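**Student:** Any chance you can model this:
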Amino acid sequence: MQTIKRILSPVDFSDKAGKIIQAAAYMAGTFKAELHLVFVAQTFEDYSGFFVPPINLPHLEEELFASAQQQMETYLEENKAQLAEAGVSQVTGKVLSGDIAEEILHYAVKKQVQLIVMGTHGYKGVERIMFGSVAEKVVKSAGCPVMTVNPYRE
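**Tutor:** Predicted coordinates:
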């Protein structure tokens, strides 16, 4: 088996994201690996068949991306102690935009990630039925092992 040097963990900044990051941090600390936290801002192109986008759509997407960048910085700062306690010495936070599963997979290949740690749940209800499970798509297509964490289990 390949040595684990880089671990990728997608985050959604939800209340339950901490459980997933805790698992990813544990793995990164155990393997003395880099930890890459990624948030993917889904673009409105994915919804083009459902609604007519407003004229200011590009501006709105830019604002959402900038807000996500700020939220990532805040998230990293707020979790710095927890990550250090787990033995994680190198953490990278990145915000991407596009299809969530595709961007996670692309980033994993680009950064030569050896393990992806992600939640089993993200979308709920109708959105999950319409767009499918991001975790399922990543598990089926990733070129490296994927560890899934159910954030709703104790």
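**Student:** quick one: the strands in this structure?
**Tutor:** Applying DSSP state E to the chain gives strands spanning 6-10, 34-41, 91-97, 115-119, 146-149.
**Student:** Which strands and helices lie in contact with the longest helix seen in the chain?
**Tutor:** Among the segments of the chain that qualify as a helix by DSSP state H, the longest is helix 57-78. For helix 57-78, the packing partners by 3 or more Cβ pairs under 8 Å, 6 or more residues apart in numbering; DSSP states H and E come out as strand 34-41, strand 91-97. Heads up, the C-betas are built off the backbone N, CA and C, glycines and all.
**Student:** Which positions in the shortest one come out as buried?
**Tutor:** Counting neighbours by 16 or more other Cβ atoms under 10 Å, one finds that the buried residues in strand 91-97 are 91, 93, 95, 96, 97.
**Student:** Of those residues, which is the nearest to residue 41?
**Tutor:** Nearest to residue 41 among the buried residues of strand 91-97 is residue 97, at 4.5 Å by Cβ to Cβ.
**Student:** hang on, the earlier thing: dump the strands of the chain to CSV, plus mean pLDDT.
**Tutor:** Conversion of these to CSV gives the following (pLDDT from 0 to 100):
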stretch, mean pLDDT
strand 6-10, 97
strand 34-41, 95
strand 91-97, 95
strand 115-119, 96
strand 146-149, 94
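**Student:** which ones are touching residue 144?
**Tutor:** Under the criterion of Cβ atoms under 8 Å, 6 or more residues apart in numbering, the neighbours of residue 144 are 108, 113, 114, 115, 116.
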